[in-house]
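Asker: Return a 3D structure for these sequence lines:
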Amino acid sequence: MSNATAMQILRSHGRAAASFQILTSDLQYWFSGDACVAYADVGGAWVALGGPVGPEERELEATHQFVQEARRRGKRVRFFALERDVPADARLTALQIGEQPVWNPADWPHSLPTKVRGQLRRDLKKATVRLRLASSAEIEDPTSATRRGIDAVIAQWLDSRKMAPMGFMVQLNPYHLAHERRFFVAELGDKVVAALIAVPVYGRNGWFLETLLRDPGAPNGTVELLFSQAMETFAAGGSTYVTFGLCPLSGAKDNITKLIRRGARSFYNFDGLRKFKGKLGPSEWEPVYLAYPKGDNSAVALLDSLRAFVPRGFLHFGLKTMVQRAQAVCAVIAALLLPWTIALALADTAHWFPSRAVHLGWVALDLVMLVGFAALARKFQKRLALALAACASFDFAASCLQFGSYNLPRTEGADWLLSAIGILGPLGCALFLWFSRNRDQLHKAGAEAPRSRVSRPRTTRWTATDALAELQDSGVQPRARHAAPESLPEQSAS
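Answerer: Numbering: from 1, shown residues only. Coordinates of the predicted model:
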């Protein structure tokens, strides 16, 4: 089997919105005749992207075969982002994990609410941005102005994210199979200020708007105008289906998914994303499910699915997220250092320190660290981060030396906890700062995506890899109002 076989099956039977992503994500494939399943192996489970891709009459059979193969290999099975109702004889439990909006381009813009349609008309008349469909030649040439402009928008957006880049369905791989995609751009002068990238949904004569990004300096209403341009282009081409993709946890009724939605609000604006897409007047909202064999625990199924999004593990993802939000982490450290430094200054010298001079030296060092972290919280600077990393490393080494030579014989009861904080705290700060020192280079504009490499294993499974596995798919933030395009306020990227 080969990627050409997967593409052939996809062209004939790819009905799910996310079906094209089976070719652009770092997944393994299981084939059964003219059906295939793309999945991520997360250790104890196989997490499939959607359901089997193949003839409708073979989907149920392929589902059973895939579950049996996984069980034979000692794996649990999860079908993530299943877009159809699960038939009773599939022997699967379906948990709704969100909804996706759907349009018929032929109905645009008449499907919009009257107020929004009027605003769109006014924005079109006043628009200062140029909207167009970029050619394949522009996109496939990494040195073209359009390609570099899109790269810059992607880099700015990534740098503004609150979470580290993820994998599976939300990894951004914008240039793989670029000739199959459609790239719409909004330009202000000679600068790209927004980009919308659509991928085909072959089996439904439609398109999935996979990526929508904007520059912070883009005029208000730019993303709506870009969306309108895409809808008009698709309508002219005879397409009958457009979707904006999953709104995570929208419409979820299960208590577990509701709890996750509440807990993750500080990292992801679920309500804002749902509101923005809803404002564009979809004709309907399709439910999206996580399906797993009956009898399996729903919490375990969700955890398995989440592991597919963080292929290098939750710990690595947490560390990368801390680096991504380095200024916020520095603010927390500074806030914790303040009471610690006060307590250190008031501590009993004879009990904790070899001399008064050593005591004052520790207080002075912590004051320097406190001021340094407060400065990094306001503006993260590499040189200051390096200097503080060196200070924290010295703090850790000196703390170990003093504990071993002076404090160990005197330590009892609660002293052990305080000593552990005094030693491990500087170590944690040092490691964080060493990892964070180059955060300004995490996402450089103009990076070219190397060609993907495909290796064919001896079994019927194969792995497609792509060099852009560290990028994240887009989310769209709503705006509370429309302003005239002439105004250029500072805004977050959509």
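Asker: Of all the residues in stretch 379-399, which ones are buried?
Answerer: Across stretch 379-399, burial judged by 16 or more other Cβ atoms under 10 Å covers Phe380, Leu384, Ala385, Leu388, Ala389, Cys391, Ala392, Ser393, Asp395, Phe396, Ala398, Ser399. Where you see a C-beta, it was placed from the backbone N, CA and C, and this is true even at glycine.
Asker: Output the lowest mean pLDDT helix or strand found in this structure.
Answerer: The helix or strand of the chain with the lowest confidence, counting by mean pLDDT, DSSP states H and E, is strand 463-465 at a mean of 28.
Asker: Now Phe183. Nearest residue, chain neighbours left out?
Answerer: Leaving aside its chain neighbours, Phe183 sits nearest to Ala134 (4.3 Å; criterion: Cβ to Cβ, 6 or more residues apart in numbering).
Asker: so the one you found makes contact with Glu187?
Answerer: No - Ala134 lies out of contact with Glu187 (Cβ atoms under 8 Å); the separation is 9.8 Å.
Asker: Between these two, tell me which one has more neighbours.
Answerer: Ranked by neighbour count (other Cβ atoms under 10 Å), Ala134 and Glu187 place Ala134 first, with 22 against 18.
Asker: Spit out the contact partners of that one.
Answerer: Ala134 makes contact with Thr146, Phe183, Phe184, Val185, according to Cβ atoms under 8 Å, 6 or more residues apart in numbering.
Asker: from those, which two are the most distant?
Answerer: For the contacts of Ala134, the farthest-apart pair by Cβ to Cβ is Thr146 and Phe184; their separation is 10.9 Å.
Asker: These two: which has the busier surroundings?
Answerer: Neighbours per residue (other Cβ under 10 Å) separate Thr146 from Phe184, with Phe184 holding more: 22 against 19.
Asker: moving C-terminal of the helix or strand hosting that one, what's the next helix or strand?
Answerer: For Phe184, the host element (DSSP states H and E) is strand 182-188. Using DSSP H and E, the next helix or strand after strand 182-188 towards the C-terminus is strand 191-201.
Asker: Just checking: what are the partner strands of that following strand?
Answerer: Strands that pair with strand 191-201, judged by DSSP bridges, come out as strand 182-188 (antiparallel), strand 206-214 (antiparallel).
Asker: Could you save these as CSV and add columns showing distance to Ala35?
Answerer: Below are the strands paired with strand 191-201 laid out as CSV (distance: least, Cβ to Cβ, whole Å):
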stretch, distance to Ala35
strand 182-188, 27
strand 206-214, 21
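Asker: between those, which one is nearest to Leu82?
Answerer: Comparing these against Leu82 with Cβ to Cβ, the closest turns out to be strand 206-214 (15.4 Å).
Asker: Quick check: buried residues in that closest one?
Answerer: Neighbour-count burial for strand 206-214, with 16+ other Cβ under 10 Å as criterion, is recorded at Gly206, Trp207, Phe208, Leu209, Glu210, Thr211, Leu212, Leu213, Arg214.
Asker: do stretch 120-130 as well
Answerer: With burial defined by 16+ other Cβ under 10 Å, the residues of stretch 120-130 counted as buried are Leu120, Asp123, Leu124, Ala127, Val129.
Asker: State the distance from the third one to Val288.
Answerer: Translated: Leu124. 32 Å (Cβ to Cβ, to the nearest Å).
Asker: can you check the second one too?
Answerer: In this view, Asp123 and Val288 are 31 Å apart by Cβ to Cβ.
Asker: What about Asp41? Give its phi and psi, please.
Answerer: Main-chain dihedrals, Asp41, degrees, to the nearest 10: phi -90, psi 110.
Asker: Sounds good, over and out.
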